[in-house]
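Engineer: Here is a sequence with its predicted model. Questions after.
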Amino acid sequence: MSISIFMALFMVSLLGAMSPGQSVIMVARNTLAGGRAQGIVTACAHSIGVGIYAGLSLAGLALVLKNSPLFYNTITYLGAAYLAWLGICSIRSKGGITDKLSSGKPMSLYQAARSGFVISILNPKIIIFYLALFSQLVESADNLVNRIIIVATPTILDAAWYTFIACILSKPATLVRLRLHAQTIDKVSGAVLLLLAGRILVS
């Protein structure tokens, strides 16, 4: 694989990870509800889902998803329902940041990992994104090393970007200020999640 091809893969994968959406909201919420460790675990679990989709895309299985409206729509509706449920819980402060803080029980690492993985694995647009990206890299995936690089690059970048977000948000001074406004953050993030769910269903 040439340097130019790798840099193209690197930049597109980084921009894909940095695009705003439900993933960054989940990392932020889990960081505020638990702390830095929970945010980092969410980021790493999210990247596992990304890695699975990247591997499936490179294997060509994304074509099956793309050409099977029932399969695609099932995942889409499940994802939208999950986002809507999270949004409603946040607005009503049931299972949201506010309740976690008021109960004195921070989000567990398992809960953080589960939510990070689910939010990525129930997003079929990720696999379509990588199908479009990897279709330009088919010639470069001519050996095992290159295939590993093609799948590992977006996976590692996804984990690194959201870990960075978690570390920024979990600075003591930042965390204290944000937690003072936990109820407002819950309601705003809940509203955004509901809008994202609606957008998925409409599109």
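Structural biologist: Cool, got the structure.
Engineer: what does the helix or strand harbouring Thr31 contact?
Structural biologist: Using DSSP states H and E, Thr31 sits in helix 22-33. Contacts with helix 22-33, where a contact means Cβ atoms under 8 Å, 6 or more residues apart in numbering, come from 38-39, 41-43, 46, 83, 86, 90, 96-97, 100-101, 106-107, 111-112, 115-116, 119-120, 123, 162, 165-166, 169-170, 175, 178-179, 182, 185, 189, 192-193, 196. For glycine as for every other residue, the C-beta is placed from the backbone atoms N, C-alpha and C.
Engineer: At the geometric centre of this structure, which residue sits there?
Structural biologist: Centroid-nearest residue in the chain, with Cα atoms, centre = their mean: Ser23, separated by 3.5 Å.
Engineer: From Ala59, how far off is it?
Structural biologist: Separation of Ser23 from Ala59 (Cβ to Cβ, to the nearest Å) stands at 23 Å.
Engineer: Check Cys44 too.
Structural biologist: Distance from Cys44 to Ala59, by Cβ to Cβ: 23 Å.
Engineer: So for the two, which residue has more residues nearby?
Structural biologist: Cys44 (20 against 14; other Cβ atoms under 10 Å).
Engineer: so what's the more buried one up against?
Structural biologist: Neighbouring residues of Cys44 by Cβ under 8 Å, 6+ apart: Ala113, Gly116, Ala159, Thr163.
Engineer: The lengthiest helix in the chain: which residues count as buried?
Structural biologist: Taking DSSP state H as the criterion, the chain has its longest helix at helix 144-169. Using 16 or more other Cβ atoms under 10 Å as the test for burial, helix 144-169 gives 146-147, 149-151, 153-155, 157-159, 161-166, 169.
Engineer: for stretch 14-25, same thing?
Structural biologist: Buried residues in stretch 14-25, defined by neighbour count with 16+ other Cβ under 10 Å: Leu14, Gly16, Ala17, Gln22, Ser23, Val24, Ile25.
Engineer: Which of these sits closest to Ala54?
Structural biologist: When these are ranked by distance to Ala54 (Cβ to Cβ), Gly16 comes first, at 10.2 Å.
Engineer: Check the closest one and give its pLDDT.
Structural biologist: Gly16 is assigned a pLDDT of 78 by the prediction.
Engineer: what about it, which helix or strand?
Structural biologist: Going by DSSP H and E, Gly16 is in helix 3-18.
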